[in-house]
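Enquirer: Would you be able to build a 3D model of this:
(one chain, ligands or ions: 1)
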Amino acid sequence: MTTLPAEAATLPASPARLKRFLRNPLGMTAAVILLLIVLSALFAPLIAPYDPNQVSLGDALLPAGADHLLGTDASGRDQWSRLLWAGRTSLEAGLIMVVTAILVGVPSGLLAGYAAGWFDGLASWIANLLMSLPQILILVVIITSLGNGLYPTMITLGILSSPDLFRLTRSVVVNVRNELYIDAARVSGLSPARIVFRHVLLVVLGPVLVRSSLVFGLAIIVQSGLEFLGFGQSDRPSWGRMLSEAFQTFYRAPDLVYPPGVAIGLTAVCLVIVAAAAADTLGADRARRRRGRRGAVAPGTIAGPVVGDAVSDTAVPDTAGADVPEHPAGGAVVAPSVGVDGDVPEAAVLRVEGLTIAYPTQSGDDRVVVDGVSLHLERGEVLGIVGESGSGKSQTSFGILGLLPPGARIDADRLELSGMDLRSAGERELQGLRGSRMAYIPQEPLSNLDPSFTVGHQLVKPMVRKLKVSRAQARATAVELLDRVGIADPRRVMASYPHQLSGGMAQRVLIAGAVSCDPEIVIADEPTTALDVTVQAEVLDLLRGLQRERNMGMILVTHNLGVVADICDRVAVMRDGRIVEQAPVGRLFADPRHEYTRSLLAATLEGAPSRVERDRAGVSR
Ligand SMILES: Nc1ncnc2c1ncn2[C@@H]1O[C@H](COP(=O)(O)OP(=O)(O)OP(=O)(O)O)[C@@H](O)[C@H]1O
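Expert: Here you go, the predicted structure:
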């Protein structure tokens, strides 16, 4: 998670995507045919030589000729004019159905997939119910009670086909919501609604558009079928009605079935081909991005673990900052931590006292994962939190940021940022603090950038929103920041997408984003774990440099005592949710007092004598 990839207002320009689509000859041909069909329907009043309903019994069943391009029907009506006008009805019908299906299916799918919980259960149940209902029976009931107008019929059909889009949207959102860049957006202080509109909707858009074209084709076929069966308005020509009428005179004029039949078939087939070509284009795009994420690792960097692992490893919360529930009075909070926080200076920017985080278990007891942790952070200070995996380092960080998942119970005697009590802050207030006063730097740089937006977008938007500066100002600051974090060609990188960056570059971008709104504290959670050793040292130097320049308080979560020795002022050693020892770095390395600290140091030094022992032996460092 990070403060950075918060917002992006527009869809990224995608000339490459368009080019790929244009290079697909089948898709292009189908798109052109569709366009001609739509234009001819739109301009029917101008193009059609006759009134489509003008009966002239004297001209009945005339063959195709100069006067009547496609001949006439049994009532002497001009077939070409009827075909053009009928296109309007059929396309309008398709549009009504597809728009209804989108309006019903997509928002509900977004909400169900993103918020989950009871709404997901209810919406999925309704979708299953709609899919199991006999649709033709429902249509007959609707037509009988509301009449056979185009709107009631097609809206009903739209509602009946919305479960398809609901399921598609929901499944895409369920996948996307676990992406780290969505967590990053939460840390940056975006509300759930903004996250959905800025980040999730964009990912859903492609598959939904593709599926909607198929629904459109289906709508035209279904509407034609209904007209063929005699449902529909007799005063409005449609392809289905033309087909039905042609069948009535089939033995006398069999050719009359061709124009409406070809129009229905051609439109439906073209829609399917365009949908398939669009799906191919988007699929190639996604594959490229995935390859990019795995492969866009520059020489000297290594790819990190897969996203899913990263999420579980770091126990990233899975929903936007839930309201922080109280720890149950007298709950299963075990003995307080034996860690020592020393004297807390009045100027401390962050004060945490007795922080306890617990999760309910199936047996009904609480499992305490952070147990009475007390720590503080001054401006300009770097506090390292070290400890083995699962010791509660990340949970402590998320507790401070107010980003624990639902179900987490949190309690603290004190939790203050510059004197502000975070325990009583509401979710909106916390959203306001995250990304501006409290920033976060994650361990998975590439996964924490939204692949859909350029680096520039992802740097500029949070500044515009949080600092209320103009886009131009934010852009200028972003370029300066990229330059400061050691990116060689900031303007080019601003226009790049995350898959075009190496892991080290992406982490520099995230660091630039984290400090862009001048936070009071930065929490860096294993910021160098996914990077190559050579890049690690540079990134640590960068972090230390920025932290000093901007006088920020920084919490550095790490497994690595070497990193602590390099850049931390104080260090807290965690084990099993408790701080077992907390001391200035020099003291801790020279004179580790807790047995666990000594074992950590011994493991780090791989059997080498401790500094105390070396000092005693007169060995200089
Ligand atoms: N949502 C959750 N529900 C229940 N337990 C959780 C949840 N998230 C984390 N935990 C537990 O909390 C404990 C502390 O996890 P945390 O992620 O803080 O460890 P960590 O020290 O940061 O480890 P690592 O260095 O591997 O990231 C772990 O035992 C973990 O299983």
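Enquirer: packing partners for the helix or strand encompassing residue 466?
Expert: For residue 466, the element it lies in under DSSP states H and E is helix 455-467. When contacts are defined as 3 or more Cβ pairs under 8 Å, 6 or more residues apart in numbering; DSSP states H and E, helix 455-467 sits against helix 471-484, helix 490-494, helix 503-515. The C-beta positions use only the backbone N, C-alpha and C, and glycine is treated the same way.
Enquirer: pLDDT wise, what is the residue in the stretch 501-621 of the chain that the ligand sits nearest to at?
Expert: Across the stretch 501-621 of the chain, the shortest distance to the ligand (Cβ to the nearest ligand atom) belongs to residue 559, at 5.9 Å. You'll see residue 559 listed with a pLDDT of 85.
Enquirer: before we move on, what about residue 53?
Expert: In this model, residue 53 carries a pLDDT of 84.
Enquirer: who's in contact with it?
Expert: For residue 53, the contacting residues are 77, 235, 237, by Cβ atoms under 8 Å, 6 or more residues apart in numbering.
Enquirer: what number of residues lie near residue 391?
Expert: Residue 391 has 23 neighbours, counted by other Cβ atoms under 10 Å.
Enquirer: can you check residue 247 too?
Expert: Applying other Cβ under 10 Å, I find that residue 247 has 13 neighbouring residues.
Enquirer: Give the rounded mean pLDDT of the host helix or strand of residue 271.
Expert: Per DSSP H and E: residue 271 is located in helix 258-295. Per-residue pLDDT over helix 258-295 has a mean of 74.
Enquirer: which residues of the stretch 1-150 of the chain score low on pLDDT?
Expert: Scanning the stretch 1-150 of the chain for pLDDT under 70 picks out the ranges 1-17.
Enquirer: any chance you could map the helices in it?
Expert: For the stretch 1-150 of the chain, the helices defined by DSSP state H, counting those that start in this stretch occupy 15-22, 25-42, 44-47, 79-115, 117-132, 135-146, 150-176.
Enquirer: measure the closest residue to residue 512 other than its chain neighbours to the ligand for me?
Expert: Nearest non-adjacent residue to residue 512, counting by Cβ to Cβ, 6 or more residues apart in numbering: residue 481, 4.0 Å away. According to Cβ to the nearest ligand atom, to the nearest Å, residue 481 stands 28 Å off from the ligand.
Enquirer: So which of the helices of the stretch 1-150 of the chain is the most surrounded?
Expert: Neighbour counts (mean count of other Cβ atoms under 10 Å) averaged over each of the helices of the stretch 1-150 of the chain peak at helix 79-115, with a mean of 23.
Enquirer: Next, the angle helix 150-176 makes with that one.
Expert: 40 degrees (axes from the mean of the first three to the mean of the last three Cα atoms, to 10 degrees).
Enquirer: Output the contacting helices and strands for helix 79-115.
Expert: Where contact means 3+ Cβ pairs under 8 Å, 6+ apart, helix 79-115 is packed against helix 25-42, helix 44-47, helix 117-132, helix 150-176, helix 192-195, helix 201-228, helix 239-248, helix 258-295.
Enquirer: mind running it again at 6 Å?
Expert: helix 25-42, helix 44-47, helix 117-132, helix 150-176, helix 201-228, helix 239-248 (3 or more Cβ pairs under 6 Å, 6 or more residues apart in numbering; DSSP states H and E).
Enquirer: Now the fifth one: average pLDDT?
Expert: Helix 201-228 shows a mean pLDDT of 83 in the predicted model.
Enquirer: How about the contacts made by the residue nearest the centre of the chain?
Expert: In the chain, the residue lying closest to the centroid (Cα atoms, centre = their mean) is residue 200, at 3.5 Å. Taking Cβ atoms under 6 Å, 6 or more residues apart in numbering, we find residue 200 in contact with 173, 176.
Enquirer: ok, and for stretch 497-513, which residues are buried?
Expert: For stretch 497-513, the neighbour count (16 or more other Cβ atoms under 10 Å) marks 497-499, 501-513 as buried.
Enquirer: my bad, should have said stretch 211-230
Expert: 211-224, 226-228.
Enquirer: With stretch 586-593 instead?
Expert: 588, 589, 592.
Enquirer: CSV please, covering the residues you listed and showing pLDDT, distance to the ligand and secondary structure.
Expert: Formatted as CSV, those follow (pLDDT from 0 to 100; distance: Cβ to the nearest ligand atom, whole Å; DSSP: H, G, I helix; E, B strand; the rest coil):
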residue, pLDDT, distance to the ligand, secondary structure
588, 90, 18, helix
589, 89, 21, helix
592, 90, 19, coil
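Enquirer: Nearest to residue 535 among those residues?
Expert: Using Cβ to Cβ, residue 589 comes nearest to residue 535 of the buried residues of stretch 586-593, at 24.9 Å.
Enquirer: Tell me who's in contact with residue 119.
Expert: 111, 112.
Enquirer: hmm, I was thinking of residue 387
Expert: Neighbours of residue 387 in contact, by Cβ under 6 Å, 6+ apart: 393, 574, 575.
Enquirer: out of those residues, which are inside helices?
Expert: Among these, the members found in helices (DSSP state H) are residue 393.
Enquirer: just the contacts of residue 387 that are near the ligand?
Expert: residue 393 (Cβ under 6 Å from any ligand atom).
Enquirer: still on that earlier bit, the residue nearest to residue 512 contacts residue 513, doesn't it?
Expert: No. Applying Cβ atoms under 6 Å, one finds residue 481 not in contact with residue 513, separated by 8.1 Å.
Enquirer: Close to the ligand: what parts of the stretch 351-500 of the chain are there?
Expert: Neighbours of the ligand within the stretch 351-500 of the chain, by Cβ under 6 Å from any ligand atom: 359, 369, 387, 389, 390, 391, 392, 393, 394, 395, 405.
Enquirer: Distance of residue 58 relative to residue 394?
Expert: Residue 58 sits 86 Å away from residue 394, going by Cβ to Cβ, to the nearest Å.
Enquirer: should've said residue 211
Expert: Noted for residue 211: a distance of 38 Å to residue 394, by Cβ to Cβ.
Enquirer: Then residue 158?
Expert: Residue 158 is 45 Å from residue 394, by Cβ to Cβ.
Enquirer: Repeat that for residue 204.
Expert: Using Cβ to Cβ, residue 204 is found at 29 Å from residue 394.
Enquirer: So which of the residues of the stretch 351-500 of the chain next to the ligand is the closest to residue 596?
Expert: Lowest distance from residue 596 to those (Cβ to Cβ) belongs to residue 387, with 8.5 Å.
Enquirer: before we move on, back to that, in a markdown table, list the helices and strands packed on helix 455-467 along with distance to residue 105.
Expert: Listed next are those as a markdown table, based on distance: least, Cβ to Cβ, whole Å:
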| stretch | distance to residue 105 |
| --- | --- |
| helix 471-484 | 35 |
| helix 490-494 | 37 |
| helix 503-515 | 35 |
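Enquirer: For residue 248, find the nearest of those.
Expert: helix 471-484 (64.0 Å).
Enquirer: CA atoms of stretch 547-566 as PDB?
Expert: The C-alpha trace of stretch 547-566 is given here as PDB (Å, rounded to 0.1, in the frame of the first residue of the first chain):
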ATOM      1  CA  GLN A 547      13.300  12.000   5.700                       C
ATOM      2  CA  ARG A 548      16.000  14.300   6.900                       C
ATOM      3  CA  GLU A 549      15.300  17.000   4.300                       C
ATOM      4  CA  ARG A 550      11.600  17.100   5.100                       C
ATOM      5  CA  ASN A 551      12.000  16.500   8.900                       C
ATOM      6  CA  MET A 552       9.500  13.600   8.700                       C
ATOM      7  CA  GLY A 553       9.000  10.900  11.400                       C
ATOM      8  CA  MET A 554       9.500   7.600   9.700                       C
ATOM      9  CA  ILE A 555       8.700   4.100  10.900                       C
ATOM     10  CA  LEU A 556      10.600   1.500   9.000                       C
ATOM     11  CA  VAL A 557       9.200  -2.000   9.200                       C
ATOM     12  CA  THR A 558      11.800  -4.600   8.400                       C
ATOM     13  CA  HIS A 559      13.200  -8.100   9.100                       C
ATOM     14  CA  ASN A 560      16.700  -6.900   8.500                       C
ATOM     15  CA  LEU A 561      18.800  -5.600  11.400                       C
ATOM     16  CA  GLY A 562      21.400  -4.400   8.900                       C
ATOM     17  CA  VAL A 563      18.900  -2.000   7.500                       C
ATOM     18  CA  VAL A 564      18.100  -0.800  11.000                       C
ATOM     19  CA  ALA A 565      21.700  -0.200  11.700                       C
ATOM     20  CA  ASP A 566      22.000   1.800   8.500                       C
END
